[in-house]
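Q: need a structure here:
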Amino acid sequence: MGKLQNIAMSAVMLSAVSLTYLGVAQWQSSHRVRPAAAPVVVGEVKLGREPVVVAAMQAPVEAVAALAPAPAPSRPEDGYYSQLRTKIRWVETRMGGDKLMTPDPDSRMLLAKSAAQRAGLHEVGLGFKDVYGIINAETSWVPRLGASKNGTPNLGIAQFEPATARALGLRDPNDMVEAVHVAARHMKEAALWSADRIAGLKLGAAQRAEKLREGVSIYYNLSSRGRSVWNGRNTAKLPSETQKHILNARIGAQQAVMLDAQLQAFSQSEGKGVVLASMVR
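A: Now for the predicted structure:
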């Protein structure tokens with residue numbers, strides 16, 4: 001009885017190997033992959049008294065390569081982003097006792113101005129200082145991993161959740177150049193939403209500009225459900241984290257104006273120094 005069981009099991013194994021071979025052969029015939037594939041010995045079984053070598057066909061290398069994900073198609077902005085990355089300079093900073101890296105002041109301004117210009121933020125009453133402010137509110141310009149209250153990861157310098165990044169077409173939230181530019185486009189949507197929410201309020205120009213920016217922070221910081229309660233008059237009733245975001249974005253925008261003035265003054269003085277040096281020579 002034991003001998004019959006061994007013979008039956010051997011027959012089953014040989015049938016399985018045959019089916020595997022047939023499946024690979026059918027796969028090859030339905031694809032344009034023609035190089036011969038060498039059999040790979042995987043073991044042997046005994047049919048009666050004689051050992052029988054069991055082999056399976058190895059899938060061609062081309063077949064394995066065909067299963068790999070295709071590279072993402074190039075976009076018009078990719079070349080521009082690549083050039084911009086070469087201009088970014090990093091410096092060390094400390095946060096909570098940890099040594100982290102942050103773009104230097106020139107790099108921050110370069111990114112903020114580029115992102116604002118390419119997103120057309122001037123069309124909705126915003127500018128580079130607002131991009132700077134939002135990134136300041138999110139990460140203080142120090143790229144890192146964060147998390148929402150529900151545990152959803154917030155990625156990179158602009159702290160995008162994975163789902164939001166995908167919806168906005170952001171391929172890599174940890175790519176600082178692309179993330180800041182996508183954040184600016186997101187801010188444009190936020191400004192349009194904010195303007196609609198405060199449209200019915202009687203506000204002066206300065207008050208409207210301030211409320212518009214409040215709405216941008218609210219849109220960026222809260223979910224669609226959370227932001228839906230805002231009507232332009234109840235900011236104080238929003239979560240403390242959102243109110244802190246509004247404040248930090250405002251502070252960051254003020255820092256951007258001062259930083260830009262300092263960098264321009266330094267650039268002009270440096271230029272004067274070069275001219276003076278050339279005159280002395």
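Q: how far away is the residue most central in space within the chain from Ser217?
A: Central residue of the chain (Cα atoms, centre = their mean): Pro173, 1.6 Å from the mean position. As for Pro173, its distance to Ser217 is 19 Å (criterion: Cβ to Cβ, to the nearest Å). Every C-beta, even on glycine, is put in place using the N, C-alpha and C of the backbone.
Q: quick check: bridge partners of Met101?
A: With DSSP bridges as the criterion, Met101 is bridged to Glu92.
Q: one step back: let me know the helix or strand that the residue nearest to the centre of the chain is in.
A: Under DSSP states H and E, no helix or strand contains Pro173.
Q: give the contact list for it.
A: Leu155, Gly156, Ala158, Phe160, Pro162, Ala165, Ala179 (Cβ atoms under 8 Å, 6 or more residues apart in numbering).
Q: Leu100: which of those residues is nearest?
A: In terms of Cβ to Cβ, no member of these lies closer to Leu100 than Gly156, at 13.0 Å.
Q: so for that closest one, what's the nearest residue that isn't a sequence neighbour?
A: Pro173 (4.0 Å; Cβ to Cβ, 6 or more residues apart in numbering).
Q: from Met258, how far out is that neighbour?
A: The gap separating Pro173 from Met258 is 29 Å, by Cβ to Cβ.
Q: report the secondary structure state of Ala199.
A: Taking DSSP: H, G, I helix; E, B strand; the rest coil as the rule, one finds Ala199 in the coil state.
Q: the closest residue to Arg233 other than its chain neighbours: neighbouring residues, count only.
A: Closest residue in space to Arg233, ignoring its immediate chain neighbours: Leu201 at 7.2 Å, by Cβ to Cβ, 6+ apart. Counted with other Cβ atoms under 10 Å, residues neighbouring Leu201 total 12.
Q: likewise for the one 3 residues further on?
A: Using other Cβ under 10 Å, Gly204 is surrounded by 8 other residues.
Q: what strand or helix carries Tyr217?
A: Careful, residue 217 is Ser and not Tyr. In this assignment (DSSP H and E), Ser217 forms part of helix 205-221.
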